[in-house]
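> Sharing a sequence plus its predicted fold:
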Amino acid sequence: MTRGACALLVWLCSPVPVLAEMDAEQYQSREGAPTAEERERLRAEIAAEREAARRREAAEQAEREAARQRRQAIEAAQPAGRRLYERRCLGCHAPEALARTQHTRPGWYLTIARMRWLNGAAVSAKEARVISGYLTRQQPLEGWQRLAEYGLIALLPLGLAGGGYGGYRWYRRRVNRHRAPTTST
């Protein structure tokens, strides 16, 4: 056994009285009972403290409500597009990153649609139209970049149609290749 374990065992087994509770003398107050006047004064102090705490809480609640109303008034004064942009876009994107991005209205709409479809952004189609209109006015695409984006957007349906026709031709060739030759007599 180690020295510390031996010391602990000796200490635990020693006949030293251990008081777990207070005895009757310790419950007795060294001072006399308060007089009726002192009790009333203490009650009045406690009531005054409670009333002051209640007033402080009411004042804090009123200040929070006034701050909430000021925020709502400021938000209501902003355009609907900005409010939606702040609620829906700035939750995931930094404002600096979006400030560097420019698109045409269809470009912004397609960007928001991609966020909805691929990333699960909680933006309805109506909100997407409002946000894309706001962003188009705030961050317009100028000059040849605008023409290039409109050109890419115009080529998108042609690519889908061409891919559909190409897929159809591929399917027909594959079916025809595996079809048994027919003999006509």
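It's in.
> Quick check: buried residues in stretch 87-99?
Using 16 or more other CB atoms under 10 Å as the test for burial, stretch 87-99 gives R88, C89. Using the backbone N, CA and C atoms, a C-beta is placed for each residue, glycine as well.
> Check the offset of it from the chain's centre.
Stretch 87-99 has its C-alpha centroid displaced from the chain centroid by 13 Å (CA atoms, centre = their mean, to the nearest Å).
> And the average pLDDT for that stretch is what?
Average pLDDT, stretch 87-99: 79.
> Okay, now the unreliable bits of the protein?
Scanning the chain for pLDDT under 70 picks out the ranges 1, 9, 11-12, 14-24, 26-30, 144-156, 158-165, 167, 175, 177-185.
> What number of residues are in the vicinity of E63?
When counting by other CB atoms under 10 Å, one arrives at 10 neighbours for E63.
> all numbers from here: first residue = 4
Shifting the count to begin at 4 puts that one at E66.
> Tell me which helix or strand comes right after the helix or strand hosting it.
E66 is part of helix 39-80, with elements assigned from DSSP states H and E. Using DSSP H and E, the helix or strand that directly follows helix 39-80 along the chain is helix 83-87.
> what residue lies at the spatial centre of this protein?
G94 (6.5 Å; CA atoms, centre = their mean).
> That one and Q72: what is the separation?
24 Å (CB to CB, to the nearest Å).
> just checking, what packs against the helix holding E66?
Using 3 or more CB pairs under 8 Å, 6 or more residues apart in numbering; DSSP states H and E, no helix or strand is in contact with helix 39-80.
> quick one: it to chain centroid distance?
Using CA atoms, centre = their mean, the offset of helix 39-80 from its chain centre is 31 Å.
> swap in stretch 81-93?
On CA atoms, centre = their mean, the centre of stretch 81-93 falls 15 Å from the chain's centre.
> quick one: contacts of that stretch?
For stretch 81-93, contacts defined as CB atoms under 8 Å, 6 or more residues apart in numbering pick out E78, L101, A124, A125, V126, E130, V133, I134, G136, Y137, L138, R140.
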